[in-house]
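**Q** Sharing a model prediction with you, sequence too.
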Amino acid sequence: MITDLNRQLLEHYEKFPLFGIILFTEAHPHVVKALKDTDYYAALNEVSGEQVVVFATMLFRGEYDYPSPPPDSFALMHPIWKEPKENKQVLSWFDIKDSRDLPLFVLFGVDDNELHYQRYPLKSASPQDVFNSLQEVLSAVSIRTQQNENTDRKTVFKTAQWEIKKLQVKQKLMDILGAISLFRGVAGM
């Protein structure tokens, strides 16, 4: 997988200013459905256009494990997350603690042999949620990248990164407003 990704990046490095990768595990079936749907795929390809090359990678599913206590003793059975070793290299590239933080869209670019990236969490309650999340982030990034296509790679990335940060703030505000609305409904206000 790593060798294939390196080959793909080198192949497209000069043509595209930005790259994206969708990271998920088999614990996210709606992501798989959204990516396999030809209509969703075609629409996302249209949105990303000539600005962003998007890869998708299914990582191995991690699991909780319970430590075994020494014989003749009682132990507090606190589960420990076990990340598959195959995931660790990819997750470390983007400073992702473990696969419990997935699914994510990660926008990245390379400038002067330095990797720059910005993570964006995907909603994955349904294939439509996955598509909407990807469409929102790819639209914002592609439009800004088109507007700055004659600037250096670092500036293009910083502009796209800013767009993603604005989307994240917007999402947090929407979550807060949703929680307030829920509390008001429960309180009968």
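**A** Nice, thanks for sending it over. Numbers count the residues shown, from 1 in each chain.
**Q** number of nearby residues for the residue lying closest to residue 33 once chain neighbours are set aside?
**A** Closest residue to residue 33 apart from its sequence neighbours, by C-beta to C-beta, 6 or more residues apart in numbering: residue 127 at 4.3 Å. Any C-beta I mention is one placed from the backbone N, CA and C, and that applies to glycine too. Neighbourhood size, residue 127 [other C-beta atoms under 10 Å]: 18.
**Q** how far away is residue 127 from residue 141?
**A** Distance of residue 127 to residue 141, given as C-beta to C-beta, to the nearest Å: 21 Å.
**Q** ok, residue 37 - contacts?
**A** By C-beta atoms under 8 Å, 6 or more residues apart in numbering, residue 37 lies in contact with 127, 131.
**Q** Quick check: phi and psi on it?
**A** phi -70, psi 120 (degrees, to the nearest 10).
**Q** you'd agree the residue nearest to residue 33 is up against residue 39?
**A** No - Residue 127 is beyond contact range of residue 39, at 10.6 Å (criterion: C-beta atoms under 8 Å).
**Q** hmm, back to that, per-residue pLDDT, the residue nearest to residue 33?
**A** pLDDT, the model's per-residue confidence, is 93 for residue 127.
**Q** before we move on, what about residue 84?
**A** Residue 84 is assigned 86 on the pLDDT scale.
**Q** need the contact list for it.
**A** Residues in contact with residue 84, defined by C-beta under 8 Å, 6+ apart, are 59-62, 99.
**Q** Just the buried residues of these.
**A** 59, 62, 99 (16 or more other C-beta atoms under 10 Å).
**Q** Could you pull out the strands in this protein for me?
**A** Using DSSP state E, the strands assigned to the chain run over residues 18-25, 52-59, 63-65, 80-82, 104-111, 114-121.
**Q** any idea which of these is most buried?
**A** strand 18-25 (a mean of 23; mean count of other C-beta atoms under 10 Å).
**Q** Name every strand pairing with that strand and say which way it goes.
**A** Using DSSP bridges, strand 18-25 pairs in its sheet with strand 52-59 (parallel), strand 104-111 (antiparallel).
**Q** Would you mind getting the angle between the last one and strand 114-121?
**A** Going back to what we said before, that points to strand 104-111. Interaxial angle of strand 104-111 relative to strand 114-121 (axes from the mean of the first three to the mean of the last three C-alpha atoms, to 10 degrees): 160 degrees.
**Q** just the first one next, same as before
**A** Counting by the same axes, to 10 degrees, strand 52-59 points 70 degrees away from the direction of strand 114-121.
**Q** Mind putting the strands of the chain into a markdown table with distance to residue 88?
**A** Listed next are the strands of the chain as a markdown table, based on distance: least, C-beta to C-beta, whole Å:
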| stretch | distance to residue 88 |
| --- | --- |
| strand 18-25 | 13 |
| strand 52-59 | 10 |
| strand 63-65 | 15 |
| strand 80-82 | 11 |
| strand 104-111 | 16 |
| strand 114-121 | 16 |
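**Q** What does the pLDDT read for the closest residue to residue 101 other than its chain neighbours?
**A** Excluding its sequence neighbours, the residue lying closest to residue 101 (C-beta to C-beta, 6+ apart) is residue 121, at 7.7 Å. You'll see residue 121 listed with a pLDDT of 94.
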